[in-house]
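> 3D model of this:
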Amino acid sequence: MGRRTAQDPDLLRRLLRARDRMDGASHEAWPVGRLARVSGVSQAHFSRAFKRAFGVPPHRYLLTRRIERATALLRETELSITDIAFRVGWSSLGSFSRTFRDITGESPSALRMREQAAATDLRRVPGCMLRAAQRPDLTVAVAEKRRRSDDGEA
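The predicted structure follows:
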């Protein structure tokens, strides 16, 4: 592969606009076509430029935001897991639970119990540090994580 060149600042602003829209309404459906329209570019160009600018494809970025929001709701509220799943953008409790487990390594209920037990130990740690430490790692696609898990890899 050749040397990477810097992206056009105008394009980056438009990509940030799309990313900000996803952040502000991560519970909504954000197909690439909708994001491309927000950015004023073609779908293919949007996907390539987004991954280049932010290091992950748009869908993976959105999954990260949804899992972050779900984790916060599990930790900070008494909402049912079903309510949380629908609130953060899933239409199925099963797909939410499976994706959540694939990404975080534990079920939503296990995370909630662990977080509640550890809550007293973390009261003196700044919230921004906690969020950064608890951000899901989606450098590998969910399907790849599942394949590795099924193959017995770490």
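> and the lengthiest helix in the chain, what does it pack onto?
Using DSSP state H, we find that the single longest helix of the chain is helix 58-76. The contact analysis (3 or more C-beta pairs under 8 Å, 6 or more residues apart in numbering; DSSP states H and E) places helix 58-76 against helix 9-24, helix 32-39, helix 43-54, helix 81-87, helix 93-104, helix 108-118, helix 127-134. To be clear about C-beta, it is placed using only N, CA and C from the backbone, and glycine gets the same treatment.
> repeat that for 10 Å
Using 3 or more C-beta pairs under 10 Å, 6 or more residues apart in numbering; DSSP states H and E as the contact test, the elements touching helix 58-76 are helix 9-24, helix 32-39, helix 43-54, helix 81-87, helix 93-104, helix 108-118, helix 127-134, helix 142-150.
> hey, C-alpha coordinates of it in CSV?
Written as CSV, here are the backbone C-alpha positions of helix 58-76 (Å, rounded to 0.1, in the frame of the first residue of the first chain):
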residue,chain,number,x,y,z
PRO,A,58,-19.2,3.5,10.5
HIS,A,59,-21.2,0.5,11.7
ARG,A,60,-18.5,-0.5,14.2
TYR,A,61,-18.3,3.1,15.5
LEU,A,62,-22.1,3.0,16.0
LEU,A,63,-21.9,-0.3,17.8
THR,A,64,-19.3,1.1,20.1
ARG,A,65,-21.5,4.0,21.0
ARG,A,66,-24.5,1.8,21.6
ILE,A,67,-22.6,-0.5,23.8
GLU,A,68,-21.1,2.4,25.8
ARG,A,69,-24.6,3.8,26.3
ALA,A,70,-26.0,0.4,27.3
THR,A,71,-23.2,-0.1,29.8
ALA,A,72,-23.9,3.3,31.3
LEU,A,73,-27.6,2.5,31.6
LEU,A,74,-26.9,-0.9,33.1
ARG,A,75,-24.6,0.8,35.7
GLU,A,76,-26.6,3.9,36.5
